[in-house]
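Peer 1: 3D, please:
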Amino acid sequence: MMLNARSHAESTISGLNLIQLELDQAAPNYISLNTDSLIKKVIPLILQVKIEKAKIHSFELMAHLQSKASKTKNSKEHYLEITQNIAGVNNAILTLSATQPMDSLETALSEIENKIVPLTKQTPYTLLMMRVAEIGLPILLSIFSIFFLLQYSLTEKRSHEIKDLLKQHNAEHLNIDKTE
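Peer 2: I've put the predicted structure just below:
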């Protein structure tokens with residue numbers, strides 16, 4: 001995979017160097033007249049680089065998922081399903097070519113995009129832990145707060161006593177401030 005990507009990169013570099021030579025040798029008015037032809041030469045080279053990059057990333061993701069599937073205990077089936085999905089995406093990416101017409105390239109890319117959506121699926125264990133954290137933690141904290149609330153005995157009589165004490169305290173501070 002890497003050797004193939006390297007050979008494509010080298011051919012892209014040589015193609016871009018040829019275009020650069022053509023630009024260097026041309027007069028400024030030549031560039032304005034033949035801009036469309038230069039763009040038509042450069043676009044396939046740029047697309048080829050992006051396609052090779054997608055192939056490498058797809059290959060790396062497939063290798064990563066295969067290693068996770070072999071190492072995991074909890075979600076082995078999940079990783080095997082995801083590995084099958086990425087294999088389909090990888091095969092679709094391998095069929096892409098920069099020489100394809102833009103319409104067929106767009107169609108192929110939209111099909112690949114649709115195949116990528118199932119790859120974002122979380123493992124059942126991760127979803128369970130998210131539910132525990134998002135639902136269980138607030139419930140647990142609410143139970144603790146109710147427990148502590150029930151332990152604190154504040155009657156109406158005691159709350160009036162506290163209110164009177166606070167009024168006396170504030171009045172004392174006001175008298176002290178006025179004398180100073």
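
Peer 1: longest helix in the protein, by residue count?
Peer 2: Residue-count comparison of every helix in the chain, with assignments taken from DSSP state H, identifies helix 35-71 as the longest.

Peer 1: next SSE after it?
Peer 2: helix 76-94 (DSSP states H and E).

Peer 1: quick one: list the elements packing against that following helix.
Peer 2: Where contact means 3 or more C-beta pairs under 8 Å, 6 or more residues apart in numbering; DSSP states H and E, helix 76-94 is packed against helix 35-71, helix 102-116. Every residue, glycine included, has its C-beta placed from N, CA and C.

Peer 1: got the angle for the helix or strand in which residue 13 is found vs helix 35-71?
Peer 2: Assigning secondary structure by DSSP H and E places residue 13 in helix 2-25. Between the axes of helix 2-25 and helix 35-71, defined by axes from the mean of the first three to the mean of the last three C-alpha atoms, to 10 degrees, the angle is 160 degrees.

Peer 1: mind listing what's buried in helix 2-25?
Peer 2: Neighbour counts over helix 2-25 (16 or more other C-beta atoms under 10 Å) mark 5, 8, 12 as buried.
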